[in-house]
Structures are given as C-alpha cells and as structure tokens.
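Engineer: Could you look at this predicted model? Sequence included:
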Amino acid sequence: MPKWKELKRFCEKDGWELYKNTDHFFYRKMLADGTLLRTKVSKGSGEIPKALWKEILSRQLGGITQEEFNRKI
C-alpha cells in the first residue's frame with residue numbers, strides 16, 4: 001500500500017490544487033467535464049490502510065487504477 005507522502009506527491013505532480021493546510025493537506029482538481037475531485041492527505045508517515053486506499057482510488061481520485069497512480073509518483 002502507498003504511504004501518505006506518495007499520495008501527496010501524486011497530487012502535486014498531477015496538478016491538484018492545495019487549498020487548505022491544517023492537520024491534513026486538502027487537495028482539489030477540476031476536470032475538463034466540470035467534475036470537482038477532492039482528497040484529504042494525512043500528515044502522518046505511515047501506509048494508507050488497504051480499504052481506505054481502494055476508496056481513495058475509486059472515489060476521490062476519479063477512479064484511476066493503481067498503475068496510473070504508480071506512473072505519477
């Protein structure tokens with residue numbers, strides 16, 4: 001499973017906007033069709049739990065695959 005820092009790196013490389021920096025990093029990205037994607041990245045250093053990671057990929061990152069994610073980090 002990826003670590004939180006890898007999710008942060010993905011957002012930065014994929015053009016996501018950091019719109020809030022509190023106890024977590026909050027990112028958003030507007031797609032060409034008008035869909036707004038949002039994700040929250042923990043400032044922790046550990047791995048993202050498997051069930052949560054699957055939800056992040058499918059719902060928060062717009063349904064990308066693990067391979068697509070890996071290519072951008």
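Structural biologist: Here it is on my side, so go on.
Engineer: what about Ile48, neighbour count?
Structural biologist: Ile48 sits with 20 neighbouring residues when counted by other Cβ atoms under 10 Å. C-betas here are computed from N, CA, C, even on glycine.
Engineer: Which strands and helices lie in contact with the longest helix along the chain?
Structural biologist: For the chain, the helix with the greatest residue count under DSSP state H is helix 4-13. The contact analysis (3 or more Cβ pairs under 8 Å, 6 or more residues apart in numbering; DSSP states H and E) places helix 4-13 against strand 24-30, strand 36-42, helix 66-72.
Engineer: Save these as CSV, and put in distance to Cys11, mean pLDDT and mean neighbour count too.
Structural biologist: Listed next are the helices and strands packed on helix 4-13 as CSV, based on distance: least, Cβ to Cβ, whole Å; pLDDT from 0 to 100; neighbours: other Cβ atoms under 10 Å:
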stretch, distance to Cys11, mean pLDDT, mean neighbour count
strand 24-30, 4, 98, 17
strand 36-42, 7, 98, 16
helix 66-72, 9, 96, 12
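Engineer: So which of these is nearest Leu18?
Structural biologist: Closest to Leu18 of the helices and strands packed on helix 4-13, according to Cβ to Cβ: strand 24-30, at 5.7 Å.
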